[in-house]
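Colleague: After the sequence you'll find the predicted model.
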Amino acid sequence: TRRVTAVDIAKRKGGEKVVSLTAYHAHTAGIVDRYVDFILVGDSLGMVMHGLETTLPVTLEMMILQGRAVMRGSKRALVVVDMPFGSYEEGPEQAFRNAAHVLKQTGAGAIKLEGGVHMAETVSFLVKRGIPVMGHVGLTPQAINTMGGFRVQGRGEEGQRIVEQDALAIANAGAFAIVLEGIVEPVARRITETLPVITIGIGASPACDGQILVLEDMLGLNDWVPKFVKKFGTLRDHIEEAVSGYAAEVRAGSFPATEHTYQPAPGPARKAAN
Ligand code: KIV
Ligand code: NA
């Protein structure tokens, strides 16, 4: 089976909803691969995998390592890798150098970068040189220090104008899709209805052409999740049950049992490994 491409996603405007989740590991990528159109290796891995408070400290090396894991674990979905803070903002040349490095090292089919009007020139530079770009406007977590916190965007006339101009600029620059994060419904709807580009919402209403969530958030691995996340699973409870069961059995001496224990078998060594 051939992988979904950025071009395939771009053609979905007005068609079936585009479905996406994040993944950072081979095993979760393999599960997600069967159900989504694209997998995002998000820089949210900084928080989810590493316990960081923001995505700012995430490095290119971290993204490449997890991007490779997700490529190995999946075979169907398009894999999109986030460009981390500091790896693309200086200008088109820096962005191209690092984005090309990411694609060469991982084999992923596209990159994503945050920003609106000010990133349009960079998006255009990359797309013209063969790198499919997914945009990301609205609440852009890499700009948390200048936004003054994680705030819903697009409120008020000024807020609405900024988000709409950002989306327009990134669409005109040739992005194959744009993540709309943390923006009010009317703005997400207007962007989706007026621009020819695919919009992928996260906290941006059902009006978008598609949706994305952070996998661990929707699985219920954490207690706290933002308002826009629905917990489709209760993974934390399942893990707690398994871990406490294991601990209790080891303490009671009931694990490992006979069936988990090797004996000096008569057969060949290979068979004994079972
Ligand atoms: O890093 C991430 O997971 C993201 C999605 C939430 C869009 O950028
Ligand atoms: Na991200």
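Modeller: Good, I have the coordinates. Ligands and ions are numbered 1, 2, ... in the order given.

Colleague: residue boundaries of the helices in the chain?
Modeller: For the chain, the helices defined by DSSP state H cover 6-10, 26-32, 45-48, 60-73, 92-106, 120-128, 144-147, 156-172, 185-194, 215-219, 235-252, 269-272.

Colleague: Considering the ones you listed, which stretch scores lowest in mean pLDDT?
Modeller: Mean pLDDT is lowest for helix 269-272 among the helices of the chain, at a mean of 53.

Colleague: Leaving out sequence neighbours, find the closest residue to the closest residue to ligand 2 within the stretch 151-274 of the chain.
Modeller: Across the stretch 151-274 of the chain, no residue is closer to ligand 2 than residue 179, which sits at 8.0 Å (Cβ to the ion). C-beta coordinates here come from the backbone N, C-alpha and C atoms, glycine included. Of all residues not flanking residue 179 in the chain, residue 136 sits nearest, at 4.2 Å (Cβ to Cβ, 6 or more residues apart in numbering).

Colleague: quick one: contacts for the one you found?
Modeller: 112-115, 178-179, 181 (Cβ atoms under 8 Å, 6 or more residues apart in numbering).

Colleague: Spell out which residues of the stretch 51-200 of the chain are next to ligand 2.
Modeller: residue 82 (Cβ under 5 Å from the ion).

Colleague: Can you dump the C-alpha atoms of stretch 260-267 in CSV for me?
Modeller: Provided in CSV are the C-alpha atoms of stretch 260-267 (Å, rounded to 0.1, in the frame of the first residue of the first chain):
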residue,chain,number,x,y,z
HIS,A,260,6.7,-17.8,32.7
THR,A,261,9.7,-19.8,33.9
TYR,A,262,12.4,-21.6,32.0
GLN,A,263,13.4,-25.2,32.9
PRO,A,264,16.4,-27.1,31.8
ALA,A,265,14.5,-28.6,28.8
PRO,A,266,15.7,-31.7,26.9
GLY,A,267,15.0,-30.2,23.4
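
Colleague: Averaged pLDDT, that stretch. What do you get?
Modeller: pLDDT averaged over stretch 260-267 gives 84.

Colleague: mind checking how far that stretch is from the chain centre?
Modeller: Distance, stretch centre to chain centre, for stretch 260-267: 45 Å (Cα atoms, centre = their mean, to the nearest Å).

Colleague: Can you give me the neighbour number for the nearest residue to residue 44 once chain neighbours are set aside?
Modeller: In this structure, residue 44 finds its nearest non-sequential neighbour in residue 214, 5.2 Å apart by Cβ to Cβ, 6+ apart. Residues contacting residue 214 under the criterion other Cβ atoms under 10 Å number 23.

Colleague: Contacts only, for residue 214.
Modeller: Residue 214 neighbours (Cβ under 8 Å, 6+ apart): 21-22, 42, 44, 48, 229.

Colleague: and it, what pLDDT?
Modeller: Predicted confidence (pLDDT) for residue 214: 98.

Colleague: Residue 274 now?
Modeller: For residue 274, pLDDT reads 53.

Colleague: Then residue 39?
Modeller: On the pLDDT scale, residue 39 gets 99.

Colleague: So it is in contact with residue 70, correct?
Modeller: Yes - with contact defined as Cβ atoms under 8 Å, residue 39 and residue 70 form a contacting pair (5.9 Å).

Colleague: tell me, what's touching those two both at once?
Modeller: In contact with both residue 39 and residue 70: 23, 29, 79, using Cβ under 8 Å, 6+ apart.
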